[in-house]
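Chemist: A predicted structure for the sequence below; I have some questions about it.
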Amino acid sequence: MGKDSTKRAWDKLVLATFNVNRLVNKTVEVLEHLTDEGVDICFLQETFLKEADTAKLQEIRDCGWGILSNPRKHRSGGGIGMIFNKNLKLKSNGRVKKYKSYQVMEVVLETNSGIIRLIDVYRPPYTKKARYTECHFLEEFSEYLCDLSGKPGTPVIAGDFNLHVERPKDLYPAKFLSLLDQLGFIQCVPLERTHNQGGTLDLVITTKVFKDSITSINIVESGTRSDHFLVKFVVSVSLKTSLNDTRVMNYRDFKSIVVEDFKADILVSDLCKRDAWCSESLDESVKMYNSILLELMDKHCPVISKEMKSEDKGKPWMDQDLKALQRQRRAAERAWRKGKGQKDIFVNLRNKFIVIERQKRITYNRKALLASAGDTKALYKKVYRLTGETTQERPHGNDTKKLAESFKVFFADKVNDIRLGIEEEGSHIGGNLSSSENLESTYSGPSFDKFHSITRQHLLHTISKMSNKFCSLDPKLFQLSC
């Protein structure tokens, strides 16, 4: 994902597969590595992410990437996923069959020439915890490839297969390559080492027909602490949609309204005629109220459409000192890869960058939370964003009657939850707080027992001091009230 990704033509994509060997403890260095290599989509293996790691996923998004995660659910370790340029639209297929000998996930990318089905695969080696041999894998992978042939789109399969295909005469590599050939697939990675201990373990597979569309396959020695190398390749493809770097915003210029003219039009409208309200039902009256006010708003303050460029805030904690250190780290890495510098110098700068970047990110987020002190709503909004959690989903839909009923149930449940909480709290001090007699006997604090009438002027003064909040569905703004 290069710096000028919003200006590129998008007639090709840079893809990669990478066994990161724990993304959770090397997030920054992995993302930096992918950025340096200009990767748009990366197939990840051994992420070690869990379903509860929403904060880690949000950390990746804060760094300018999108991520789809498929964790291993029934035991620790493993896990696969895809990190991608946030401007791309990828859709995960959650209906893929689960297999015992390997993990697989499918992601769909729409292009001008049709669907490309991106498939991430991780086959762990045989261990005491994973007692599945190469024979088991070949049986299950054959079943998957046969099922895949019936799905729309061109498949691009990549991942860590833990098969030494650089020894094609060995029993299981030979059976594996023969299986691919029989079903019309081909393995594209050169028979070079993709692991620091040797062996072509990380593979890229596609159909024989699509093979020519995959070019520039390059095995890049990892600049991270992973023992696997980055396998990078280019796919010639034209995207169906352009980047999401612009959006259309509709708004009204309320400051341009001449309030006196607006009031005058209201006074001569049907809203101020008693006869117009007498024969109307409640629903018809509301409809008339909204339509007349919207018509007047369109006259005095028409809707304006404006195309806005999406603001990319990047990483706000990346100050000039950290950017300078980043440039030093990248220069040291280039020197090492060209054989003109020592790897130790690059590693030291990489580790220093990781530590300082984390410190500055924590400091930035801490200050952001402190800045919301006293504003509970803003504070919780920031906390939810940092942790990747979402608030309780509110009812939604186009059917107004069903939506109204859903909101009734939604708020009734909230009230019932509050009452149950009060009763449970009361049970700890004895008695049943649902009884008014118990409330009077157990409560000894201040009470509201004296009331007096207020004047119209007092009520208007109180309302005028309230904040001018309104709903986007309101036909007339609060500050324009007569």
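Modeler: Looks like it came in fine. Residues are numbered from 1 along each chain as shown.

Chemist: quick one, which residue of this structure lies the farthest from its center?
Modeler: If you look at how far each residue of the chain sits from its centre, by CA atoms, centre = their mean, the farthest one is Asp275, at 54.1 Å.

Chemist: Correct me if wrong, but Phe407 is in a strand.
Modeler: No - remark: Phe407 does not belong to a strand; assigned using DSSP: H, G, I helix; E, B strand; the rest coil, it is helix.

Chemist: Quick check: the gap between it and His396.
Modeler: Relative to His396, Phe407 is positioned 10 Å away (CB to CB, to the nearest Å). (C-beta placed from N, C-alpha, C; glycine too.)

Chemist: who has more neighbours, these two?
Modeler: Neighbours of Phe407 and His396, each counted by other CB atoms under 10 Å, are more numerous for Phe407; the result is 13 against 8.

Chemist: what number of residues lie near the nearest residue to that one once chain neighbours are set aside?
Modeler: Distance criterion CB to CB, 6 or more residues apart in numbering; nearest residue to Phe407, sequence neighbours excluded, is Pro395 at 5.3 Å. One way to gauge burial is a neighbour count; for Pro395, by other CB under 10 Å, it gives 14.

Chemist: hang on, Pro395 packs against Ser406?
Modeler: Yes - with contact defined as CB atoms under 8 Å, Pro395 counts as touching Ser406 (3.5 Å).

Chemist: The strand or helix carrying Gln328 - contacts with which helices or strands?
Modeler: Taking DSSP states H and E as the definition, Gln328 sits inside helix 320-337. Other helices and strands packing on helix 320-337, by 3 or more CB pairs under 8 Å, 6 or more residues apart in numbering; DSSP states H and E, are helix 27-36, helix 343-370.

Chemist: Which of these sits closest to Leu294?
Modeler: Leu294 lies closest, by CB to CB, to one member of the helices and strands packed on helix 320-337: helix 343-370, at 38.7 Å.

Chemist: Tell me both backbone torsions, phi and psi, for the residue nearest the centre of the chain.
Modeler: With distances taken as CA atoms, centre = their mean, the residue of the chain nearest its centroid is Gly66 (5.9 Å). Note on Gly66: backbone dihedrals following degrees, to the nearest 10 are phi -100, psi 160.

Chemist: For the remainder of this discussion, apply numbering that starts at 883.
Modeler: All right, first residue 883 from here; so that's Gly948.

Chemist: ok, it touching Lys971?
Modeler: No - in terms of CB under 8 Å, Gly948 does not count as a neighbour of Lys971; the distance is 9.2 Å.

Chemist: what residues are shared contacts of these two?
Modeler: Residues touching both Gly948 and Lys971 do not exist when contact is defined as CB atoms under 8 Å, 6 or more residues apart in numbering.

Chemist: Could you tell me how many residues sit around Ser974?
Modeler: Residue neighbour count, defined by other CB under 10 Å, stands at 16 for Ser974.

Chemist: which stretch of helix or strand covers it?
Modeler: With the criterion set as DSSP H and E, the secondary-structure element containing Ser974 is strand 973-975.

Chemist: circling back to that earlier point, dump the residue contacts of the residue nearest to the centre of the chain.
Modeler: Shown in contact with Gly948 (CB under 8 Å, 6+ apart): Ile965, Phe966, Asn967, Lys968, Leu970, Leu972.

Chemist: out of those residues, who's nearest Pro1007?
Modeler: Here the nearest of the contacts of Gly948 to Pro1007, counting by CB to CB, is Ile965; it sits at 24.0 Å.

Chemist: pLDDT score for the closest one?
Modeler: Looking at Ile965, its pLDDT reads 97.

Chemist: what about the helices in this structure?
Modeler: If DSSP state H is used as the criterion, the helices of the chain fall at 909-918, 936-944, 1016-1030, 1053-1064, 1141-1149, 1157-1160, 1164-1182, 1202-1219, 1225-1252, 1258-1269, 1282-1309, 1318-1324, 1338-1346.

Chemist: pLDDT of stretch 1300-1312, averaged?
Modeler: Computed over stretch 1300-1312, the average pLDDT equals 70.

Chemist: ok so, going back, distance from the helix holding Gln1210 to the middle of the chain?
Modeler: Using CA atoms, centre = their mean, to the nearest Å, the distance from the centre of helix 1202-1219 to the centre of the chain it belongs to is 29 Å.

Chemist: Check which residues of that helix are buried.
Modeler: Judged by neighbour count using 16 or more other CB atoms under 10 Å, the buried positions of helix 1202-1219 are Leu1204, Leu1207, Gln1208, Arg1211, Arg1212, Ala1214, Glu1215, Trp1218.

Chemist: Alpha carbons only: can I get that helix in CSV?
Modeler: As requested, C-alpha coordinates have been extracted for helix 1202-1219 and formatted as CSV (Å, rounded to 0.1, in the frame of the first residue of the first chain):
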residue,chain,number,x,y,z
GLN,A,1202,8.5,14.4,12.8
ASP,A,1203,11.0,12.5,15.1
LEU,A,1204,9.2,9.2,14.5
LYS,A,1205,9.1,9.8,10.8
ALA,A,1206,12.8,10.5,10.7
LEU,A,1207,13.5,7.3,12.6
GLN,A,1208,11.2,5.5,10.1
ARG,A,1209,13.3,6.8,7.2
GLN,A,1210,16.5,5.7,8.9
ARG,A,1211,15.1,2.2,9.4
ARG,A,1212,14.0,2.0,5.7
ALA,A,1213,17.4,3.2,4.5
ALA,A,1214,19.2,0.6,6.7
GLU,A,1215,16.9,-2.1,5.3
ARG,A,1216,17.6,-1.1,1.7
ALA,A,1217,21.3,-1.1,2.4
TRP,A,1218,21.1,-4.6,4.0
ARG,A,1219,19.1,-6.1,1.1
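
Chemist: surely Leu913 meets Asp944?
Modeler: No - here Leu913 does not reach Asp944: they are 10.4 Å apart, not a contact under CB under 8 Å.

Chemist: Would you mind splitting the protein into its domains for me?
Modeler: Residue ranges for the domains of the chain, per automatic domain parsing: 887-1118, 1128-1191, 1202-1269, 1282-1329.

Chemist: Please dump those into TSV; it should also carry distance to Thr1344 for every row.
Modeler: Rendered in TSV, the data for the domains of the chain read as follows (distance: least, CB to CB, whole Å):
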stretch	distance to Thr1344
domain 887-1118	41
domain 1128-1191	22
domain 1202-1269	22
domain 1282-1329	22
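
Chemist: per-stretch mean pLDDT over the ones you listed, give me the minimum one.
Modeler: For the domains of the chain, mean pLDDT drops lowest on domain 1282-1329, to a mean of 71.

Chemist: give the contact list for Val1086.
Modeler: The contact partners of Val1086, by CB under 8 Å, 6+ apart, come to Thr899, Val1038, Ile1039, Ala1040, Gln1069, Cys1070, Val1071, Ile1096, Ile1099, Val1113, Phe1115.

Chemist: same deal with Ile1238?
Modeler: Residues in contact with Ile1238, defined by CB under 8 Å, 6+ apart, are Leu1204, Leu1207.

Chemist: 10 Å instead?
Modeler: For Ile1238, the contacting residues are Asp1203, Leu1204, Leu1207, Gln1208, by CB atoms under 10 Å, 6 or more residues apart in numbering.
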